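Asks: Curious how this folds, go ahead:
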Amino acid sequence: MAINKWLLFLLYVIGVCAACTKEDVVHREEGKITIVPVWDAYTGSFHPTGIKYYFYNINDHSDFPVVVEEPTGKGVITQVLPVGTYRLVGYNTNVAANLIFDTTNHLTVVAKFLPYPYHDYIPLNLCIISSENILIRNKDVITKEIIPVEVKTKLLELVFKPQRNITVDKIKGTLDGAFSSIDLANGKALKDEGDLFFDVVNPDKRIKFWVSDPLYEESVLSLTLEVGEEGSDDTVVKTGRANLHNAIKAIQNTKPDDPITLNIDIENLSSEKVSLTVGW
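Replies: Now for the predicted structure:
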């Protein structure tokens, strides 16, 4: 008889646990959201063939990101999400191979330009579909319309001008003050990614960089060069500074799509300075 009592008690405990588990599943709080890009209001010059979305739960980091891919380019998706407040970051997946996407950053995706010469002459063709503070309540069924935005960049050309009596065949350099990373939550430059590196194969050729966010606040562009003369194994380190911000402001309303040209007067190899002039 005692055994039956213990058996009944055990069955009761199992039943209670099963009921608790069932109740937890039934009462999970979540809502449903549909994202609709408004392409009629999009002012970009190209259209994507696919969209990749990241939903970041800013209240509960253990649940983020929820990643959804939309392969047609229309960008319309419906997704069930746990309750919370979300940041949405989306971008087109047919971007040229001159970008690397970094998803390890806090609540965002970062697009990084590859160093010269890998993206020379390649158009950026990047658009973002992003939104702040999307609130998902329990049993919500909501639709969010978002206007896609084309990410703007500036083309920066470097033109090397050695004196006539020397022939330069080796140039390595670093640019500080022109940014090469973009926060896809807002399309702005990330200023902690500020150095651009280059190794010039042909000093007679203009080299080109895509630089992000043409209206960033930093006004000074710093250049460090390691220059070698033809027929010599020795190199000289030279530095120079230029005001890039003012040049960008001067043309943004008249020729916004034209490149910025940075003329680099190498002078003679005995000098530690280079003269920089900005034009367009």
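
Asks: average model confidence for whichever strand or helix holds Lys172?
Replies: Lys172 is located in strand 168-176, with elements delineated by DSSP states H and E. What strand 168-176 shows for mean pLDDT is 72.

Asks: after it, next one along is what?
Replies: Scanning forward in sequence from strand 168-176 by DSSP H and E, the next helix or strand is strand 181-183.

Asks: who's in contact with that next one?
Replies: 108, 110-113, 126, 151, 188-190, 193, 212-213 (C-beta atoms under 8 Å, 6 or more residues apart in numbering). Where you see a C-beta, it was placed from the backbone N, CA and C, and this is true even at glycine.

Asks: show me what contacts the closest residue to Val109 other than its chain neighbours?
Replies: Nearest non-adjacent residue to Val109, counting by C-beta to C-beta, 6 or more residues apart in numbering: Leu184, 4.5 Å away. Residues near Leu184 by C-beta under 8 Å, 6+ apart: Val89, Gly90, Tyr91, Thr108, Val109, Val110, Ala111, Ile128, Ser130, Val151.

Asks: Mind doing that once more with 7 Å?
Replies: Val89, Tyr91, Thr108, Val109, Val110, Ala111, Ile128, Ser130 (C-beta atoms under 7 Å, 6 or more residues apart in numbering).

Asks: Can you tell me which of these end up in strands?
Replies: Using DSSP state E, the subset of the contacts of Leu184 located in strands is Val89, Tyr91, Val110, Ala111, Ile128.

Asks: For the fourth one, name its beta-bridge partners.
Replies: With beta bridges defined as DSSP bridges, Ala111 has these partners: Phe101, Ile182.

Asks: so it sits right up against Asn105, yeah?
Replies: No. Using C-beta atoms under 7 Å, Ala111 makes no contact with Asn105, being 10.7 Å away.

Asks: who's more crowded, these two?
Replies: Applying other C-beta atoms under 10 Å to Ala111 and Asn105 shows that Ala111 carries more neighbours, namely 23 against 13.

Asks: Can you name the residues that contact that one?
Replies: Contact partners of Ala111, counting by C-beta under 7 Å, 6+ apart, are Leu99, Phe101, Leu126, Ser181, Ile182, Leu184.

Asks: Could you report the distance from it to Leu99?
Replies: Noted for Ala111: a distance of 5 Å to Leu99, by C-beta to C-beta, to the nearest Å.

Asks: So for stretch 57-70, mean pLDDT?
Replies: 86.

Asks: what comes up buried for the strand or helix carrying Phe160?
Replies: In this assignment (DSSP H and E), Phe160 forms part of strand 153-162. Neighbour counts using 16 or more other C-beta atoms under 10 Å place Thr153, Lys154, Leu155, Leu156, Leu158, Val159, Phe160, Pro162 of strand 153-162 among the buried residues.

Asks: Which elements pack onto that strand?
Replies: Under the contact criterion of 3 or more C-beta pairs under 7 Å, 6 or more residues apart in numbering; DSSP states H and E, strand 153-162 touches strand 168-176, strand 207-212, strand 260-267.

Asks: out of these, which comes closest to Thr49?
Replies: Closest to Thr49 of those, according to C-beta to C-beta: strand 207-212, at 21.0 Å.

Asks: and after the closest one, which helix or strand comes next?
Replies: Sequence-wise, the next helix or strand downstream of strand 207-212 (DSSP H and E) is strand 220-229.

Asks: Give me the helices and strands touching that following strand, please.
Replies: strand 168-176, strand 235-243.

Asks: partners of it in the sheet?
Replies: Going by DSSP bridges, the partners of strand 220-229 are strand 168-176 (antiparallel), strand 235-243 (antiparallel).

Asks: any common contacting residues for Ala111 and Asn105?
Replies: Joint contacts of Ala111 and Asn105 (C-beta under 7 Å, 6+ apart) do not exist.

Asks: measure stretch 92-99 end to end?
Replies: 12 Å (C-alpha to C-alpha, to the nearest Å).

Asks: got the buried residues for that stretch?
Replies: So stretch 92-99, judged by 16+ other C-beta under 10 Å, has buried residues Asn92, Val95, Asn98, Leu99.

Asks: And the residue nearest to Val109, how far from Leu158?
Replies: 27 Å.

Asks: Same check on Val200?
Replies: Counting by C-beta to C-beta - Val200 and Leu158 are separated by 8 Å.
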